[in-house]
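K.L.:
Next comes the sequence, and after it the predicted model I'd like to discuss.
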Amino acid sequence: MSRIERPRVEPGQTTSATDLNNTYDDYSQTGALDQLNTRDAAFDLVHLTNAPILIKSQVSQLGNTGMLHTAPTTSFAHTTSLGSPVKHIVQDSGGTQTIMNLSSSPWTLAVGDVLRVFWDLSVYPDTTGTPWNGASAKGRYAVPTTGGGANTNITDGLHCWAAYLEWDITSGSLSNFAPVPGQGTFEQVYDSGANKGDQVKNTTATTLISAWSVFGVGGVVNNGKVSSQGSRQEQGWFGTHGMYAHQAASGTTVYGLRLVFTGMLHPAHASAQSPYENLLLYDINASGTLTYKGGRLTAVQMRGD
Amino acid sequence: MAYTKPNTFVDGNPLTAADIKGNDDALKVYLHEGVVAGDLKSTAWIETRHIQPPIIEPIPGIQHGVTGVQGSQSRTGAVVRCQFGTSFLTAGRSGTTNDESFAIIPQTTMQFTLRKSARILFHWWMESNNGPDNSTASPGSNAYMWVTEYDAGGLLAGTGKKSVVSTYATECIQNYRAWQNNPPGGPAYPYTLLGYGNMAGTKVFTKTDTVVVGLAHLSLIDRSAIINWGVTIEAYYL
């Protein structure tokens, strides 16, 4: 506490230049002012330093510009080989990748800083025929029909595409993108190589996109029986979105961010592992395409302490 | 800077009123606005009560604090606040799909004033059920409702125009597939097989005075029920 204890000069007393100087010098007390010298609500914005809370922000276009679903759009197809899963970097129709390029002024995350990322994108999943009905397709179940006779194959409808976030924290050359912390690459091997994918717990920065909708309008489900396997109904275009937050445990420099598609995936359960794990595995026997228009990749860096 | 008396007194010299006043004036300046960090106790001692308390504005649902503004509006609680989208308001029926064609979605606008320039994050989400619409304009077709953020300027004349970046709009399809003309059809069958829309977005921008930001839509669908929704503001002066 800053406190002046020198008695004042009373009427009739004498004073000296030294006393007068000391009286003024009493007001110079270094490192003394504290809560005992401060009234409630004394501090407002004007008293705070300019150390930012929101340090950096940037918005980048994803894919193609324009709102309507006419060209330009971008498409890619499903994974056909577990040896080379499709990893499609979000790009425009001309093949130019649409990433968030921070290389000219990289973001330096100090310990405790938080990176927050948001994205949205207009997508159009499509397929031809009945790929869910292939003999090796995942999520295919044979159930009795209401009319009797042979069983009917139906799909559980859980096939999906995945969009996940990568960053480059190595150099401004932007040649070292890797999934952000908490996000896997969907390249873990299961079942002695028969399957590949990732644990759901490694999908912190993933958005899943339904691959198709199959249902039977006018059909009746009765005691576990179905009238038909149903038919695929076009889902049309729809908006998809995701977000990710990461608090830096060590100093990190971010040179770029990008969104990557992969698929087609299907959920599974790894009962052989302990503890059990929920998985997303590639289904190379299910075919489809994902077309997308455009969207937005937004990132902010915030002070953590 | 910390207080340093401008005039030093010396024994034997005349004591002038000007010197006394000079020292007092400097002291006045110091006590009003001259306290610097070095004068403060170096260990942390500022408590919440020492900071200006936030102003709570319950109707717009925001609180205005020392370092910024935060708040939200949503369709929650006991009061139903479902919203709607429609092609009849948005020029979608005429096929006009430019930025001017977007119409504001009621109740989703956040409006407040800033004390200085701030970086603002506007988050939104909504779930909607779109159609079915079997009307002449979009009979069994791929009709959509697009939603994106809009912002408007200050209260001065000519500055309140709504601004939309339509390329950032996100969409949902109408529920035409479940509309069956041929028997068995009609309302006996569920309308929710398609036409369910789940959308979200985040807009980051900078403002210096009045903030007016909310959701706008452009629809080719007769009607959409926006069943659940929420809008959230984060504004940072620093």
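P.N.:
Alright, I've got the coordinates. Numbers count the residues shown, from 1 in each chain, chains lettered A, B, ... in the order given.
K.L.:
List the contacts of residue 161.
P.N.:
Unless you meant another one, I'm taking chain A. Shown in contact with A:Trp161 (C-beta atoms under 8 Å, 6 or more residues apart in numbering or on different chains): A:Val123, A:Pro125, A:Leu208, A:Ile209, A:Ala211, A:Phe261, A:Thr262, A:Gly263, A:Met264, A:Leu265, A:Leu290. For the C-beta atoms, the positions are set from N, CA and C on the backbone; glycine is no exception.
K.L.:
The intended chain is chain B.
P.N.:
B:Ala152, B:Gly153.
K.L.:
In this structure B:Asn23 contacts B:Lys5, no?
P.N.:
Yes - with contact defined as C-beta atoms under 8 Å, B:Asn23 counts as touching B:Lys5 (4.8 Å).
K.L.:
so what sits against both of those two?
P.N.:
With C-beta under 8 Å, 6+ apart as the test, B:Asn23 and B:Lys5 both reach A:Tyr24.
K.L.:
And the furthest pair within the contacts of A:Trp161?
P.N.:
Pairwise distances across the contacts of A:Trp161 (C-beta to C-beta) peak at 14.6 Å, for the pair A:Val123 and A:Leu265.
K.L.:
which parts of the stretch 101-250 of chain A sit against chain B?
P.N.:
Applying C-beta under 8 Å from any C-beta of the partner chain, one finds that the stretch 101-250 of chain A approaches chain B through A:118, A:120-122, A:213, A:215, A:217-218, A:233-241, A:243.
K.L.:
Who is A:Gln301 paired with across the strands?
P.N.:
A:Gln301 forms beta bridges with A:Lys56, A:Leu115, as assigned by DSSP bridges.
K.L.:
so how far is chain B from it?
P.N.:
For A:Gln301, the distance to chain B equals 11 Å [C-beta to the nearest C-beta, to the nearest Å].
K.L.:
Please apply the same query to A:Asn153.
P.N.:
On the measure of C-beta to the nearest C-beta, A:Asn153 and chain B end up 20 Å apart.
K.L.:
give the contact list for B:Gln107.
P.N.:
With C-beta under 8 Å, 6+ apart, B:Gln107 has these contacts: B:Gln73, B:Arg81, B:Gln83.
K.L.:
Throw together a PyMOL command that grabs the buried residues out of those.
P.N.:
Of the contacts of B:Gln107, the buried ones go into a single PyMOL selection, burial set by 16 or more other C-beta atoms under 10 Å in any protein chain shown:
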select buried, chain B and resi 73+83
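K.L.:
Closest to B:Trp124 out of the contacts of B:Gln107?
P.N.:
Here the nearest of these to B:Trp124, counting by C-beta to C-beta, is B:Gln73; it sits at 9.7 Å.
K.L.:
Ramachandran angles for the closest one?
P.N.:
phi -130, psi 140 (degrees, to the nearest 10).
K.L.:
which non-adjacent residue is nearest A:Ser250?
P.N.:
In space, A:Ser250 comes closest to A:Val111 once its chain neighbours are excluded; the distance is 6.1 Å by C-beta to C-beta, 6 or more residues apart in numbering or on different chains.
K.L.:
contacting residues around the one you found?
P.N.:
A:Ala248, A:Ala249, A:Ser250, A:Gly251, A:Gly304.
K.L.:
residues near residue 203, how many?
P.N.:
By default, I'm working from chain A. The tally of other residues near A:Thr203 (other C-beta atoms under 10 Å in any protein chain shown) stands at 20.
K.L.:
ah, I was thinking of chain B
P.N.:
20.
K.L.:
B:Gln111 too?
P.N.:
When neighbours are counted by other C-beta under 10 Å, B:Gln111 comes out with 14.
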